[in-house]
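Undergrad: attaching a predicted model along with its sequence, questions to come.
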Amino acid sequence: MRLQSRSREEPEINLTSLIDVVLLLLVFFMVSTSFVREAEINIRLPEASAEPVERSDPEVLEIGITQTGNFLVNGVQLADNDSRSLRRAIEEAMGERRDVPVMILGDAESNLQASTTVMTVAGELGFTSISFKIATTPDSP
C-alpha cells in the first residue's frame, strides 16, 4: 500500500489582525491625549532693591491681606471676608476711577487664595495695574 504524503504548507503569519490592533491602539492614544492648551496667566514678579523707589503716583489703591485672610482697603478692615464685600469697598473707595494702580500688601503667612481673590476682583472691576508690595530685609542684597 502506497501512502501519499501530504504536501506540507509553510506556516504563515496573518498580519491583518496585528495591524488592526496597532491601529486601534493608535486611535485610543490619539483620542485620550488632550491637546488643549491650559490658560496662561502672565505674572509680573516684584523686584526688590536696597534703596526705596520714589513714586509719583497721585493715588494708589492699597488692599491689605492679613495673616488670617481678612481684607483691608486703604487701611480700613472689611466686615466680611468675601469677594462681594471687597468689590463694594473698592467701588466705594475709587468710584468710577480705574486708572489708579492697585497695590496688594500681603502678609507673609497669608494664603494664596486671598491674593487670587483680590486680583480677580480688581481685574473684573477694570483695574489694569496690579502689583505686590514686598518688604526688603536688611540682609538682602
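TA: Good, I have the coordinates.
Undergrad: beta partners for Val73?
TA: Counting by DSSP bridges, Val73 is bridged to Ile63, Val76.
Undergrad: that one and Val118: what is the separation?
TA: 10 Å (Cβ to Cβ, to the nearest Å). Heads up, the C-betas are built off the backbone N, CA and C, glycines and all.
Undergrad: give me the more crowded residue out of the two.
TA: Val118 (24 against 20; other Cβ atoms under 10 Å).
Undergrad: doesn't that one lie inside a helix?
TA: Yes: the assignment for Val118 by DSSP: H, G, I helix; E, B strand; the rest coil puts it in a helix.
Undergrad: OK, contacts around Ile104?
TA: 63-65, 115, 118-119, 130-133 (Cβ atoms under 8 Å, 6 or more residues apart in numbering).
Undergrad: one more pass at 7 Å, please.
TA: 63, 65, 115, 118, 130, 132-133 (Cβ atoms under 7 Å, 6 or more residues apart in numbering).
Undergrad: so, low pLDDT: which residues of this protein?
TA: 1-2, 35-46, 48-50, 52-58, 135-141 (pLDDT under 70).
Undergrad: all helices of the protein, in order?
TA: Under the criterion DSSP state H, helices of the chain are mapped to 16-32, 83-94, 112-125.
Undergrad: related to what we said a few turns ago, what is the nearest of the contacts of Ile104 to Ser34?
TA: Closest to Ser34 out of the contacts of Ile104 is Ser115 (28.7 Å), distances taken as Cβ to Cβ.
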